[in-house]
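Asks: Got a predicted model here, sequence first, then my questions.
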Amino acid sequence: MSLVLIEGKPSVTGEAELASLSVQDAKLAASASDEQEPSRNPHSNNPRLPRTPSVFSEIQGKMTSTMSPVMSSIPLHKVTNLPSVNEGSSTGDGKRNIEIRGWLVETCKMPILNSKEIRNFGETLKVPLPEICFGNNYLSIKHPRSGFHYEWNTLDALLPLNPIEGEEQDYIKVAYADHWSQARKESDSVTKVVNPFDWTYTTTYCGTNHSTEIPFSSPTDPQAHGGIPLAVLSRPDPILFFDEVTLFEDELHDNGMASLQVKIRVMPTCIFALSRFFLRVDGVIFRMFDVRFYVDLSTNQIIREIKAKEMKYDLLKSRLPPENAHDLTPLTDPNYVSQTLQMLKTEEFIVPSQTSSPAKEDQPKKWRDMLGAHLDVASINITPSSASLPTK
């Protein structure tokens, strides 16, 4: 028998009931990941780019009714769901969380910013906000006893876009930019660009580490370290908690798409999050900035992998299946683009002397400096709890 707390209500269940609960959670996660034509209503809580079924297997995991041996040792945990206001509740705050083995994982999904909130954002940001901006959304991962707190939030994700005075910028141009520039030169009325910014919203945001006492550092030999244990993530372990949080999206004035999303899943042995910035500028370029965040719940060891890739639009387009080369739909799918980039580019972790990872970066990293793969680790020297629930 195992004790599981769901929605704050304890219930004693047998192994069969636990298996049923796990399969139900898995199906919910699968349905969230398998939508092919999601709503594009900017007022909806979580619009997503079209994508093919089940391609985001890193987060979704293997959805199967066959439980792994770890099923018999699911640790005590508590899941709480509070619906957001736009889901029919007048008191909900859009938050969901799970408490497990001394860790607290929380997501918040709210409507897009209203006019007052947009003005408040504008006091900090020097760039126009994306068309669809969920400024109150976040994913938070905490270890209360140690004080460790790592978070993804919209404001911090956009702050690296603020222009740095006196620094030369290298902005991406749309496919017809050269023709447009020539036409402007031949015109008598030339308009000066005021407060230029990276209109593609390319961000090198790795998340916000609020814990200066627990910094990330690069292993002496990243290649020998091996990074995140994929074998653990590929096991059919029950998914105790799953969520997807959109921070912002922008269609770049019908020239493509820029989006930043974070996905999280919690299993009996680990926590795994994937933050993905995706950029498509039609006829010009693709960019992908992935941050994978892994917590081993048995050791409190944390691994963070950062990978930045880019490729010219026509080169990636040439990899479309010949029989359907006229169908450009796959190029709108971040997961297809990611898989194609992975096949075309060999990734090796950059050696420590070429990268640094302070706990909280004062200066944002430039895109060119982040190209490639980076590996960081951190450790919480507190024995993991296996029986008692953490306190907030």
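Replies: Structure's in. What do you need? Numbering: from 1, shown residues only.

Asks: Over to I118: give its phi and psi.
Replies: When read as degrees, to the nearest 10, the backbone of I118 gives phi -60, psi -40.

Asks: and it, what does it touch?
Replies: Residues counted as contacts of I118 (C-beta atoms under 8 Å, 6 or more residues apart in numbering) are L129, C133, G135. Placement of C-beta: from N, CA and C, glycine included.

Asks: how near is the second one to E244?
Replies: According to C-beta to C-beta, to the nearest Å, C133 stands 17 Å off from E244.

Asks: how much space between T212 and H149?
Replies: 11 Å.

Asks: Those two: which is more packed in?
Replies: A count of neighbours by other C-beta atoms under 10 Å puts H149 above the other of T212 and H149, at 16 against 10.

Asks: shouldn't G283 be in contact with Y313?
Replies: Yes: using C-beta atoms under 8 Å, G283 is in contact with Y313, at 5.4 Å.

Asks: Pick out whichever of those two has more residues nearby.
Replies: Y313 (17 against 14).

Asks: now the strands for the stretch 151-300 of the chain?
Replies: 208-209, 241-250, 256-266, 270-281, 285-296 (DSSP state E, counting those that start in this stretch).

Asks: how about the fourth one: buried residues?
Replies: By that I understand strand 270-281. C270, I271, F272, A273, L274, S275, R276, F277, F278, L279, R280, V281 (16 or more other C-beta atoms under 10 Å).

Asks: Throw the residues you listed into CSV and include pLDDT and distance to D376, thanks.
Replies: Putting the buried residues of strand 270-281 into CSV (pLDDT from 0 to 100; distance: C-beta to C-beta, whole Å) gives the following:
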residue, pLDDT, distance to D376
C270, 97, 17
I271, 98, 16
F272, 98, 15
A273, 98, 14
L274, 98, 15
S275, 98, 14
R276, 98, 18
F277, 98, 18
F278, 97, 22
L279, 96, 23
R280, 95, 28
V281, 93, 29
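
Asks: For beta bridges, what are the partners of the closest residue to N153 other than its chain neighbours?
Replies: Of all residues not flanking N153 in the chain, Y138 sits nearest, at 4.2 Å (C-beta to C-beta, 6 or more residues apart in numbering). Residues in a beta bridge with Y138, per DSSP bridges, are C108, N153.

Asks: N335 is in what secondary structure piece?
Replies: Assigned by DSSP states H and E, N335 belongs to helix 334-344.

Asks: same for that helix, what does it pack against?
Replies: strand 270-281, strand 285-296, strand 301-312, helix 313-317 (3 or more C-beta pairs under 8 Å, 6 or more residues apart in numbering; DSSP states H and E).

Asks: now do 6 Å
Replies: strand 285-296 (3 or more C-beta pairs under 6 Å, 6 or more residues apart in numbering; DSSP states H and E).

Asks: So for the strand it packs on, mean pLDDT?
Replies: Strand 285-296 comes out with an average pLDDT of 96.

Asks: now swap in stretch 309-328 and tell me
Replies: Here the average pLDDT along stretch 309-328 is 88.

Asks: just the CA coordinates of that stretch, formatted as PDB?
Replies: The C-alpha trace of stretch 309-328 is given here as PDB (Å, rounded to 0.1, in the frame of the first residue of the first chain):
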ATOM      1  CA  LYS A 309      21.900  25.700 -33.100                       C
ATOM      2  CA  GLU A 310      21.100  27.500 -36.300                       C
ATOM      3  CA  MET A 311      20.800  26.700 -40.000                       C
ATOM      4  CA  LYS A 312      19.900  28.500 -43.200                       C
ATOM      5  CA  TYR A 313      16.300  28.100 -44.200                       C
ATOM      6  CA  ASP A 314      17.000  26.700 -47.700                       C
ATOM      7  CA  LEU A 315      19.500  24.100 -46.400                       C
ATOM      8  CA  LEU A 316      17.000  22.700 -43.900                       C
ATOM      9  CA  LYS A 317      14.200  22.900 -46.400                       C
ATOM     10  CA  SER A 318      16.300  20.700 -48.700                       C
ATOM     11  CA  ARG A 319      16.000  17.900 -46.100                       C
ATOM     12  CA  LEU A 320      12.200  17.600 -46.600                       C
ATOM     13  CA  PRO A 321      11.100  14.200 -48.000                       C
ATOM     14  CA  PRO A 322      11.400  14.400 -51.900                       C
ATOM     15  CA  GLU A 323       7.900  13.000 -52.300                       C
ATOM     16  CA  ASN A 324       6.500  15.900 -50.300                       C
ATOM     17  CA  ALA A 325       9.000  18.600 -51.000                       C
ATOM     18  CA  HIS A 326       6.200  21.000 -51.800                       C
ATOM     19  CA  ASP A 327       4.700  20.600 -48.300                       C
ATOM     20  CA  LEU A 328       6.400  23.100 -46.000                       C
END
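
Asks: Appreciated, that's everything.
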